[in-house]
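Trainee: structure for this input, please:
(one chain, ligands or ions: 1)
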Amino acid sequence: MKFKSPPVNSLSLDFITEFCIGLEKLENNRECRGVIFTSAVPNIFSSGLDITEMCGKSMEHYAEFWRAVQEMWLRLYGSNMVTVAAVNGSSPAGGCLIALTCDYRIMVENPKFVIGLNEAQLGIVAPFWFKDTFVNTVGHRVAERSLQLGSLHSASEAHRLGLVDELVPEVKLQEKAAAVMAQWLALPDHARQLTKSMMRKAVLDRLVAHREEDVQNFVNFISKESIQKSLRMYMEMLKKKKR
Ligand SMILES: CCCCC/C=C\C/C=C\CC/C=C/CC(=O)SCCNC(=O)CCNC(=O)[C@H](O)C(C)(C)COP(=O)(O)OP(=O)(O)OC[C@H]1O[C@@H](n2cnc3c(N)ncnc32)[C@H](O)[C@@H]1OP(=O)(O)O
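Mentor: From the prediction side, this is the model:
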């Protein structure tokens, strides 16, 4: 699955809706046993949640958007398919989350590409299920420091921390992703699927059990004037950086 929503593959409500539909089709297709996620936009895997969906909109919109984000995560983290992230560009916040939900992450070894959960830098808080997914990948200590600092890690640092499993030159990315997929698909599906489900169940169940509460927390948090101000300033900063 190739993300193609220029300029930065931001995860808008439309993007997420289309993504979930596409994923559901693949999940229901018995002939499809695995998916490789990558980007068709040069230098960007995904810039994370579309900030404009969280800024200056109604409470109803925030709730609808957050339900869609939850749905995307539940489908991806709970997928029965083998999922490989071929990270061919920067991948902050929600973009990093997509990579973290996969079974294996391969990143292009470009020092300009960064990845991480940088929410704290925007003055917002990564919700518990982002945090849980991160902890399950890199462990508690690395996750705690990285989340508090809102760190965006270079590809080599991400590899050192275990945030990505492997680094490759750009030209080798697709070949490597296909080789990893073949290795994972060589196992019987039922054994691999049950093992994956066992490893992820507690974290998935936690969101399912608290889904509406999580929506309300998000809506209350994001609609605070202080948070709206932080997001507006962040968007301004992104625009100024270009000038
Ligand atoms: C205790 C109670 C707790 C309760 C908690 C409950 C719930 C939790 C609450 C909130 C959690 C919300 C979670 C959010 C997760 C996220 O994903 S937030 C998004 C974070 N993303 C980023 O920080 C990335 C920002 N973007 C960049 O750093 C750069 O754009 C880039 C990706 C590195 C690319 O750089 P490049 O130079 O190539 O491009 P530009 O910067 O010029 O960008 C082009 C264009 O795109 C716009 N844009 C970039 N990113 C986004 C985005 N994420 N959303 C929307 N728009 C984006 C940028 O502004 C430019 O626009 P233009 O100037 O109009 O062309």
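Trainee: need the residues of the chain near the ligand, please.
Mentor: 7-8, 10, 44, 47-52, 90, 92-94, 118-119, 122, 124-125, 127, 217-218, 221-222, 235, 238-239, 242 (CB under 6 Å from any ligand atom). From N, CA and C alone the C-beta is placed, and that goes for glycine too.
Trainee: let's see that with 5 Å instead.
Mentor: 7-8, 10, 47-51, 90, 92-94, 124-125, 127, 217-218, 221, 238-239, 242 (CB under 5 Å from any ligand atom).
Trainee: could you give the mean pLDDT of the helix ranked longest in the chain?
Mentor: Across the chain, the longest stretch assigned as helix under DSSP state H is helix 189-209. Mean pLDDT, computed over helix 189-209, is 98.
Trainee: show me what counts as buried in it.
Mentor: 192, 193, 196, 200, 203, 204, 207 (16 or more other CB atoms under 10 Å).
Trainee: return the very next helix or strand once past that helix as PDB; C-alpha atoms alone will do.
Mentor: Sequence order places helix 211-222 as the next helix or strand after helix 189-209, per DSSP states H and E. Provided in PDB are the C-alpha atoms of helix 211-222 (Å, rounded to 0.1, in the frame of the first residue of the first chain):
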ATOM      1  CA  ARG A 211     -13.000   3.900  23.400                       C
ATOM      2  CA  GLU A 212     -15.700   6.400  24.100                       C
ATOM      3  CA  GLU A 213     -13.900   7.700  27.200                       C
ATOM      4  CA  ASP A 214     -10.800   8.200  25.000                       C
ATOM      5  CA  VAL A 215     -12.900  10.100  22.500                       C
ATOM      6  CA  GLN A 216     -14.200  12.400  25.200                       C
ATOM      7  CA  ASN A 217     -10.700  12.900  26.700                       C
ATOM      8  CA  PHE A 218      -9.400  13.800  23.200                       C
ATOM      9  CA  VAL A 219     -12.300  16.300  22.500                       C
ATOM     10  CA  ASN A 220     -12.000  18.000  25.900                       C
ATOM     11  CA  PHE A 221      -8.200  18.200  25.600                       C
ATOM     12  CA  ILE A 222      -7.900  19.400  22.000                       C
END
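Trainee: Provide the contact partners of helix 211-222 at residue level.
Mentor: Contact partners of helix 211-222, identified using CB atoms under 8 Å, 6 or more residues apart in numbering, comprise 54, 59, 62-63, 66-67, 70, 124-125, 127-129, 207, 227-228, 231.
Trainee: list just the nearest of these to residue 149.
Mentor: The nearest member of the contacts of helix 211-222 to residue 149, counting by CB to CB, is residue 125 at 13.3 Å.
Trainee: mind listing the helices for the protein?
Mentor: Counting by DSSP H, one finds helices in the chain at the ranges 13-28, 59-77, 94-101, 128-138, 140-149, 155-161, 173-185, 189-209, 211-222, 225-242.
Trainee: in the fourth one, which residues are buried?
Mentor: By neighbour count, with 16+ other CB under 10 Å as the criterion, the buried positions of helix 128-138 are 129, 130, 131, 132, 133, 134, 135, 136, 137, 138.
Trainee: try the first one
Mentor: For helix 13-28, a neighbour-count test (16+ other CB under 10 Å) marks 13, 15, 16, 19, 20, 23, 26 as buried.
Trainee: residue 131 and residue 191, how far apart?
Mentor: 29 Å (CB to CB, to the nearest Å).
Trainee: again with residue 124
Mentor: From residue 124 to residue 191 the distance is 39 Å (CB to CB).
Trainee: ditto for residue 225
Mentor: 52 Å.
Trainee: for the worst-scoring helix or strand of the chain on mean pLDDT, packing partners?
Mentor: Taking mean pLDDT, DSSP states H and E as the measure, the chain has helix 225-242 as its least confident helix or strand, at a mean of 94. Helix 225-242 sits against helix 211-222, with contacts defined as 3 or more CB pairs under 8 Å, 6 or more residues apart in numbering; DSSP states H and E.
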